[in-house]
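> let me see the structure of the following:
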Amino acid sequence: MQKNLAILGGLLLVGACNSSIDGISQATNTVKAKAENCPKAGVVALPVPNKNESFYDRFDWHIRNIVADDDKILFQTLKQDFVFCRANNTWTVQAGTLPKDLQPQTNYAAFAQDLVNPKFKNIDFQGKTYQYRVVHEPKYSVSSENNIARQEVTDPTKDKIVFELITPNSKNPQRQTVYTLKDLQNAAVKAGFSAEGNQLGFPRVTSSVIYRERIWWSIAFEQGEGNNGIATILSYDPKTEKFSLIRPEALWSTQITDLAITGDVNSPTFWMGTNVSGEGNLYIPATGLVAYRPDGSLSSYTTHNSPLVGAIPDKLRLENDILWVSTANGVCQVKWQAADHPESWSCWRFAAMAKLSETLPLYSALTNKKSAASLSGNNTVEVLWWSPVNFQTNKGRYEVTYPQGFTTKLPEGASNYEFPRSLPPGKPPVSWPGFEWHWDGQRFVRALDEVSLNLVGGGPSGIGSGQLNPEVRINWNAMRGDLELVDISPKSTSVKYYSGWVDSEKLQPYLTVVPQTRLQNPQPNPLLKVN
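Model prediction:
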């Protein structure tokens with residue numbers, strides 16, 4: 001088998017986006033916080049991507065790391081930190097402080113080598129240092145041309161993922177097989193899929209947690225283009241020197257983004273962020289925030305059935321009775337013992353805003369030449385998205401909120417969704433033009449992590465005529481604007497969308513954090529009535 005980094009569907013970005021400090025994500029906080037130790041409010045502009053970045057990287061607010069002290073919590077993205085001040089429950093945004101070793105790897109050769117032969121990482125437990133890593137065997141070889149290659153494996157039991165742990169009293173690692181190719185094939189068949197076409201993606205450790213007398217790790221994997229793996233939690237007991245494996249059957253091919261553990265030591269609850277990837281798309285919502293118990297029971301909290309403010313939990317942090325859940329769309333603090341109750345959630349949403357100094361023309365679709373309305377000066381609007389109008393000049397427009405809204409009729413209607421088993425809990429199995437929006441009790445809304453950040457496959461899809469034809473360049477009506485369903489049939493859909501487009505040179509967006517208010521009288525999702 002030959003693999004070339006140039007055709008791995010963004011594998012370099014997969015590694016960069018899933019890098020994390022594999023440390024303890026659980027803590028207690030009992031010291032009285034001081035507001036004067038929090039950063040002062042300032043203006044942080046929405047970044048403009050450089051020539052080596054994607055158009056949409058300016059909205060890449062996925063949380064790569066969480067740093068906390070007695071006074072504040074920093075939720076670190078690639079280019080900015082969203083900072084929570086404990087003393088007064090306020091937020092500020094500051095320039096990014098993400099450590100260099102967590103930033104994207106730009107050296108292909110070094111990245112390829114780290115995939116094949118990753119370095120050991122450290123974790124301290126009871127005053128001693130343990131070293132760990134997870135590897136694919138048989139190991140691939142890396143050529144001078146940055147290719148990754150190995151011989152075809154004919155015996156599935158020899159193609160496997162192995163966890164290695166060097167204990168304080170040993171120089172040689174203890175080795176534990178996490179799963180084999182045969183295990184993956186069997187899991188696929190059990191889930192109702194074909195065993196054929198599966199191969200083991202490169203594994204990675206996404207979290208390490210010390211809980212009571214054991215060390216726990218969550219293990220994820222490269223996914224897409226036939227690569228796959230099995231969601232796994234692995235633990236080690238230093239007293240017995242034994243490993244234990246947990247592989248939640250319901251999450252079999254889901255990537256675990258982070259792990260936190262609560263509850264009694266004999267009956268813990270494993271809290272996990274989840275995500276899946278596809279060809280050209282690194283971030284696809286899976287089952288949201290998951291609470292898994294050793295008896296096999298599982299609860300999922302998604303944008304469709306809970307107050308969760310984003311679709312993909314990136315990083316988790318446990319502090320006493322509060323679980324912090326961070327996403328690319330915002331952050332929630334959850335009283336985990338009562339997570340099933342909406343009042344146990346407090347959430348904030350990341351947002352880009354812009355102050356208008358003059359009246360500006362507003363366009364009802366991305367590339368329209370004639371404006372449909374005006375935005376008055378001395379006003380502030382929320383900036384939802386940016387899309388190119390001219391790829392050669394990089395000229396584009398910002399999508400902004402527009403309370404009056406526009407209406408459009410689309411020649412695509414509603415139908416039964418083809419893969420209902422893959423849907424997040426709470427999402428109706430209805431395929432329609434607004435499929436990537438979720439119902440919030442009043443309108444259909446779209447979180448930032450429900451939008452593809454990639455240009456592959458034509459880039460992100462929104463509301464626009466002809467959107468089901470990938471060969472047509474779409475004049476998008478809306479990419480993230482709220483939707484109101486006016487009428488829907490098998491042949492057409494009419495929506496009112498509450499956004500419009502402004503020439504980007506007219507705006508200077510800045511970043512902020514706003515409270516996510518909870519509706520008092522949410523209405524049922526109108527798609528539930530669609531057969």
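> residues contacting the one residue sitting closest to the centre of the chain?
In the chain, the C-alpha closest to the average C-alpha coordinate belongs to I312, at a distance of 3.8 Å (Cα atoms, centre = their mean). Neighbour list for I312: 62, 257, 273-275, 283, 285-286, 288, 327-328, 449 [criterion: Cβ atoms under 8 Å, 6 or more residues apart in numbering]. For every residue, glycine as well, the C-beta is placed using N, CA and C.
> can you do 10 Å?
62-63, 255, 257, 273-276, 283-286, 288-289, 302-303, 326-329, 447-450 (Cβ atoms under 10 Å, 6 or more residues apart in numbering).
> can you check V265 too?
So V265 contacts 211-214 (Cβ under 10 Å, 6+ apart).
> select only the buried ones of these in ChimeraX?
Applying 16 or more other Cβ atoms under 10 Å to the contacts of V265 leaves a buried subset, and the ChimeraX line that selects it is:
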select :211,214
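> using TSV, please lay out the contacts of V265 together with secondary structure and pLDDT.
TSV is the format used below for those (DSSP: H, G, I helix; E, B strand; the rest coil; pLDDT from 0 to 100):
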residue	secondary structure	pLDDT
Y211	strand	94
R212	coil	88
E213	coil	91
R214	strand	95
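> ok, of the contacts of V265, which one's closest to L483?
Among the contacts of V265, Y211 lies closest to L483 (Cβ to Cβ), at 42.4 Å.
> just to revisit the earlier point, separation between the residue nearest to the centre of the chain and G288?
To G288, I312 is 8 Å away according to Cβ to Cβ, to the nearest Å.
> likewise I63?
Note on I63: its distance to G288, by Cβ to Cβ, is 15 Å.
> who's more crowded, these two?
I63 (31 against 27; other Cβ atoms under 10 Å).
> what sits against the spatially most distant residue from the centre of the chain?
Most distant residue from the mean C-alpha position of the chain: N169, 38.2 Å away (Cα atoms, centre = their mean). By Cβ under 10 Å, 6+ apart, the residues touching N169 are 128, 238, 241.
> circling back: between the contacts of V265, which is closest to Y417?
Nearest to Y417 among the contacts of V265, counting by Cβ to Cβ, is Y211 at 38.1 Å.
> list the beta-bridge partners for the nearest residue in space to the closest one that is not next to it in sequence.
Spatial nearest neighbour of Y211, chain neighbours left out: I261 (4.3 Å); criterion: Cβ to Cβ, 6 or more residues apart in numbering. Under DSSP bridges, the beta-bridge partners of I261 are F270.
> surely I261 meets P294?
No: I261 lies out of contact with P294 (Cβ atoms under 10 Å); the separation is 11.1 Å.
> pretty sure T157 is in a helix, no?
Yes: T157 sits within a helix when classified using DSSP: H, G, I helix; E, B strand; the rest coil.
> for E358, see how far away the closest residue to W432 other than its chain neighbours is.
In space, W432 comes closest to A414 once its chain neighbours are excluded; the distance is 4.6 Å by Cβ to Cβ, 6+ apart. Separation of A414 from E358 (Cβ to Cβ): 42 Å.
> name the residue in the two with the higher neighbour count.
In this view A414 and E358 are compared by other Cβ under 10 Å, and A414 has more residues nearby, 22 against 9.
> now the helix or strand that contains T257 - C-alpha only, PDB.
Secondary-structure assignment from DSSP states H and E places T257 in strand 255-264. Taking Å, rounded to 0.1, in the frame of the first residue of the first chain, the C-alpha atoms of strand 255-264 are listed here in PDB:
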ATOM      1  CA  GLN A 255     -13.600  10.000  17.300                       C
ATOM      2  CA  ILE A 256     -13.300  11.000  21.000                       C
ATOM      3  CA  THR A 257     -12.000  14.600  21.100                       C
ATOM      4  CA  ASP A 258     -11.600  14.700  24.900                       C
ATOM      5  CA  LEU A 259     -12.400  12.900  28.100                       C
ATOM      6  CA  ALA A 260     -13.500  13.700  31.700                       C
ATOM      7  CA  ILE A 261     -14.600  11.300  34.400                       C
ATOM      8  CA  THR A 262     -17.100  11.700  37.200                       C
ATOM      9  CA  GLY A 263     -18.900   9.600  39.800                       C
ATOM     10  CA  ASP A 264     -18.100   6.700  42.100                       C
END
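> can you tell me which helices and strands it packs against?
Packed against strand 255-264 by the contact rule (3 or more Cβ pairs under 10 Å, 6 or more residues apart in numbering; DSSP states H and E) you find strand 26-27, strand 203-211, strand 214-221, strand 232-237, strand 267-278, strand 289-292, strand 315-319, strand 322-327.
> coming back round to it: confidence score at the residue nearest to the centre of the chain?
Per-residue confidence (pLDDT) for I312: 98.
> got the phi and psi for it?
phi -120, psi 100 (degrees, to the nearest 10).
> same thing with K369?
According to degrees, to the nearest 10, K369 has phi -90, psi -20.
> go ahead and confirm it touches Y363.
Yes: using Cβ under 10 Å, K369 makes contact with Y363 at a distance of 8.2 Å.
> neighbour count winner among the two?
In this view K369 and Y363 are compared by other Cβ under 10 Å, and Y363 has more residues nearby, 22 against 5.
> that one bridge partners, please.
Taking DSSP bridges as the rule, Y363 bridges to W501.
> what sits against it?
Counted by Cβ under 10 Å, 6+ apart, Y363 has contacts 369-373, 389, 397, 399, 406, 475, 477, 500-503.
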